[in-house]
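Q: Starting from these lines, generate the structure:
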Amino acid sequence: MSTDTIINLENISIFQKRILILSDVNLKVNKGEFIYLIGKTGSGKSSLMKVLYSDIAVNEGLAVVGGHDLISIKSKEIPFLRRKIGIVFQDFQLLIDRSVSDNLLFIMKATGWKDKKAMNERLEFVLNKVGLNTKGFKFPHQLSGGEQQRVVIARALINSPDIILADEPTGNLDPSTSEGILELLIDISKTGVAVLMGTHDYTLIKKYPARTIKCEGGRLVEEMVNVQ
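A: Numbering: from 1, shown residues only. From the prediction side, this is the model:
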């Protein structure tokens, strides 16, 4: 396996409450790769992402993510795996009673940050990275949907992850805003972070072509996307 491989799944099956969702799953993702994950609702996209951050257990085959063996991983090791993974949700899941900066500081404290100077430096860095360096004092309700999603991406970047899992990150956004979010995620992948983005938006895929994987018929298949 290449030292650049950050996700390596071989011959695994994915179950949700004993129901087989995906079988014979094989997937290799390298550092800095940007990949679309497509498929109908209920086809297994979210289940696959849950496997990657060990929310769904795997019992067979080979499953290594960020250097962690998902088959033998112990519950006390899961927080360390999850620090290597940034998760971007469609519905933001921001804390509405505190500012953008305090949303990010909350995550830092929850994941063991203690040095206030280092915390403030990291906070400034990630807000600058997502273009919100002047918005830290604002509350979520004072931001547009696109800005809120940029806060979510900043939150995902806090712990310098190796992987970002973005589950329908543009699902609630207008087309122009969606493009901005996608361009941001592509830029992040160019820094060496692997980005796996679940989407239904074929317009985006055609405009910004990249490796595309499809959940279909209980399998994971590489999809050839016509970008003409």
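Q: now that we're looking at I188, which residues does it contact?
A: 129, 153, 157, 164, 195 (Cβ atoms under 8 Å, 6 or more residues apart in numbering). No exception for glycine: its C-beta is placed from N, CA and C like everyone else's.
Q: Taking those, please make a PyMOL selection of just the buried ones.
A: Selecting only the buried entries of the contacts of I188 in PyMOL, with 16 or more other Cβ atoms under 10 Å as the criterion:
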select buried, resi 129+153+157+164+195
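Q: I'd like to know which of the contacts of I188 are part of helices.
A: Residues from those lying in helices, with DSSP state H as the criterion: 129, 153, 157.
Q: Would you agree the second one is in contact with L182?
A: Right, the one you point to is I153. No: if you go by Cβ atoms under 8 Å, I153 and L182 don't touch, sitting 11.0 Å apart.
Q: Show me which residues of stretch 202-212 are buried.
A: Per 16+ other Cβ under 10 Å, stretch 202-212 contains these buried residues: 204-205, 210, 212.
Q: that older thread, return the closest of the contacts of I188 with respect to N26.
A: The nearest member of those to N26, counting by Cβ to Cβ, is V195 at 19.6 Å.
Q: give the contact list for that closest one.
A: So V195 contacts 33-35, 163-164, 166, 185-186, 188-189 (Cβ under 8 Å, 6+ apart).
Q: mind listing the helices for this structure?
A: 45-52, 78-83, 100-110, 116-129, 145-157, 175-189, 202-207.
Q: any idea of the mean pLDDT in the longest one?
A: Average pLDDT, helix 175-189: 94.
Q: and that helix with helix 145-157, angle?
A: Going by axes from the mean of the first three to the mean of the last three Cα atoms, to 10 degrees, helix 175-189 is angled at 20 degrees with respect to helix 145-157.
Q: got a list of what the residue nearest the centre of the chain touches?
A: For the chain, the residue nearest the mean C-alpha position is L165 (1.4 Å; Cα atoms, centre = their mean). The contact partners of L165, taken as Cβ under 8 Å, 6+ apart, are 49, 52-53, 85-88, 196, 198.
Q: same deal with E183?
A: Contacts of E183 (Cβ under 8 Å, 6+ apart): Y208.
Q: what's the nearest residue to P169 once chain neighbours are set aside in contact with, if anything?
A: Excluding its sequence neighbours, the residue lying closest to P169 (Cβ to Cβ, 6 or more residues apart in numbering) is V88, at 4.8 Å. Contact partners of V88, counting by Cβ under 8 Å, 6+ apart, are 149, 152-153, 156, 164-167, 169, 185.
Q: if I look at V88, how far off is Q16?
A: According to Cβ to Cβ, to the nearest Å, V88 and Q16 sit 21 Å apart.
Q: re the thing from before, just the buried residues from the contacts of V195, in PyMOL please.
A: Selection of buried members from those for PyMOL, criterion 16+ other Cβ under 10 Å:
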select buried, resi 33+34+35+163+164+166+185+188+189
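Q: Dump the contacts of V195 to CSV, plus distance to L173.
A: Formatted as CSV, the contacts of V195 follow (distance: Cβ to Cβ, whole Å):
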residue, distance to L173
E33, 23
F34, 18
I35, 20
I163, 22
I164, 17
A166, 12
L185, 13
I186, 16
I188, 17
S189, 19
